[in-house]
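**Q** I need the structure of the sequence given here:
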Amino acid sequence: MTERAPLATGPAPADQRQDDKPPSDDVPDSLGEVLEQAESELGDGKVEVGQVIAAMGSASFAPVMLLPALLVLSPASGIPLLPSVCGITIALIAAQMLFGRESLWLPGWILRRKLDGPKTEKALSVIEKPARWIDKHTGRRMPWLTAAPFDKLVLVVCMLCGAIMPALELLPFTSSILGAAISVMSLGLLVRDGVLVLIGLGFVGAAASLAIGLLG
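**A** Numbers count the residues shown, from 1 in each chain. Prediction:
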């Protein structure tokens, strides 16, 4: 079995622990598995974002991009600044996928950010039932929308949606709609389902319309 490279974080801090649990070799391939793998890393106290991401593997770009999108979609989006951090994370991941980077890199300030384990797990549990329903209704439909060159367009949309999240955090519901859009498009890329990609693009249009209406 191929050993996964550690998540790139830049120069390691001098006090970095050497006994961290190695990342999992099981790459999630469904929405339910992404939730399960993330929740398995959440304990009773605080947990670093980097620990949760590393559990999915440094080459698991689509599942890792799903996680912050799901957090924005969940009730956890009410935590101040969380949508902004998740949006920046999504933009960075999508950009690296777009340019074909083989191993994921995220800045240390994102990886060291701590999540409240019980609260985050409770927030994610809210979307478990919809996630199971979605998994049952996914398949290889219109897979050409998830292959080159169309997948590049999808990644550009995900990157732009993530980048604009910090600016939209004060507008009600817009970040959650964008989180839904990125979640659906990421899952579409993961399972090669072009119908999900189209649904995600529809969510992007809905978020744009809502933002224009609120600003107007």
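**Q** Sketch out the low-pLDDT regions of this structure for me.
**A** Scanning the chain for pLDDT under 70 picks out the ranges 1-27, 57-59.
**Q** Could you pull out the strands in it for me?
**A** Here the chain has its strands, by DSSP state E, at 46-48, 114-116.
**Q** JSON lines for those strands, including mean neighbour count?
**A** For the C-beta atoms, the positions are set from N, CA and C on the backbone; glycine is no exception. What follows is the strands of the chain, written out as JSON lines (neighbours: other Cβ atoms under 10 Å):
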{"stretch": "strand 46-48", "mean neighbour count": "15"}
{"stretch": "strand 114-116", "mean neighbour count": "16"}
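**Q** closest one to L66 among the ones you listed?
**A** Counting by Cβ to Cβ, L66 lies closest to strand 114-116 out of the strands of the chain; the figure is 15.8 Å.
**Q** now that closest one, how far from the centre of its chain.
**A** Centroid displacement of strand 114-116 relative to its chain, using Cα atoms, centre = their mean, to the nearest Å, is 16 Å.
**Q** that older thread, possible to save the strands of the chain as a markdown table with distance to R141?
**A** Formatted as a markdown table, the strands of the chain follow (distance: least, Cβ to Cβ, whole Å):
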| stretch | distance to R141 |
| --- | --- |
| strand 46-48 | 36 |
| strand 114-116 | 34 |
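**Q** Those strands: which one's closest to L210?
**A** strand 114-116 (27.4 Å).
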